[in-house]
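Student: coordinates for the following, if possible.
(chains A and B)
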Amino acid sequence: DVKVTQSSRYLVKRTGEKVFLECVQDMDHENMFWYRQDPGLGLRLIYFSYDVKMKEKGDIPEGYSVSREKKERFSLILESASTNQTSMYLCASSARTGTDSPLHFGNGTRLTVT
Amino acid sequence: QKEVEQNSGPLSVPEGAIASLNCTYSDRVSQSFFWYRQYSGKSPELIMSIYSNGDKEDGRFTAQLNKASQYVSLLIRDSQPSDSATYLCAVSPNAGGTSYGKLTFGQGTILTVHP
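Tutor: Next up is the predicted model:
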């Protein structure tokens, strides 16, 4: 089974702090993603990466950056946390195949910014 | 304009009934369609994928796809209380022949199966 592990289940940070959310997958997947999930808004893509050191903006990249130095690890960075970034953050991975392959999600990190 | 639309519900069905969940999408060239189930406080898990027009059955679940109508549905037969969850429809956009697995999600439909 694919395992996607997010380093923290719950995080509480203060406004203005730099925040790192870590994600590791163990299935040698090429693609990795960061989503945030908010009530009434569903899942929204922040950033994704299809290869080491490659990254692409998703639908809501403002206020975020990412890092992918190794294939198995994809980090989401909040440069200066704000209260509107309080959310559930979900990391996911998928294999690069001829047709689209499904996403496998981590357990999520619930971030609260006070 | 939303790219993937679902009725947010809640949809309430009695135990043993058929639950019907619907999803429409706006990008006509979409190629891959997925249904994810998300229990409260948990992350989404894939339950069905469908790529061709018609029906695809897996146990109590049937996914139906109609690309001409840009419509995908999920039927759950013999619904159980354990099926109570939010069901997310996801669509893969086609960008130059590949989308690297990038999915667009609907808001999700809350399903409640009552005994």
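Student: now the helices: where do they sit in chain A?
Tutor: Assigned by DSSP state H, chain A shows no helices.
Student: next to chain B, which bits of it? Give me the list.
Tutor: With CB under 8 Å from any CB of the partner chain as the criterion, chain A meets chain B at residues A:30-31, A:33, A:35, A:40-45, A:48, A:50, A:56, A:58, A:90, A:94-96, A:99-108. All C-beta atoms are positioned from the backbone trio N, CA, C, and that covers glycine.
Student: narrow these to those that are buried.
Tutor: Taking 16 or more other CB atoms under 10 Å in any protein chain shown as the criterion, what is buried in the residues of chain A next to chain B is A:30-31, A:33, A:35, A:42-45, A:48, A:50, A:58, A:90, A:94, A:100-106, A:108.
Student: so the one helix or strand residue B:24 maps to, near chain A or not?
Tutor: Per DSSP states H and E: residue B:24 is located in strand B:19-25. No: if you take CB under 8 Å from any CB as the test, strand B:19-25 misses chain A, and the best it gets is 11.9 Å.
Student: what is the rounded mean pLDDT of that strand?
Tutor: Averaged over strand B:19-25, pLDDT sits at 96.
Student: which other helices and strands contact the helix or strand that that strand is followed by?
Tutor: As assigned by DSSP H and E, the chain's next helix or strand after strand B:19-25 is strand B:32-38. Here strand B:32-38 touches strand B:19-25, strand B:45-50, strand B:61-66, strand B:71-76, strand B:85-92, going by 3 or more CB pairs under 8 Å, 6 or more residues apart in numbering or on different chains; DSSP states H and E.
Student: the second one versus strand B:71-76: what angle between them?
Tutor: Right, the one you point to is strand B:45-50. 120 degrees (axes from the mean of the first three to the mean of the last three CA atoms, to 10 degrees).
Student: tell me which residues in strand B:45-50 are buried?
Tutor: Buried residues in strand B:45-50, counted by 16+ other CB under 10 Å: B:46, B:47, B:48, B:49, B:50.
Student: can you narrow those to ones near chain A?
Tutor: Subset of the buried residues of strand B:45-50 in contact with chain A: B:46, B:49, counting by CB under 8 Å from any CB.
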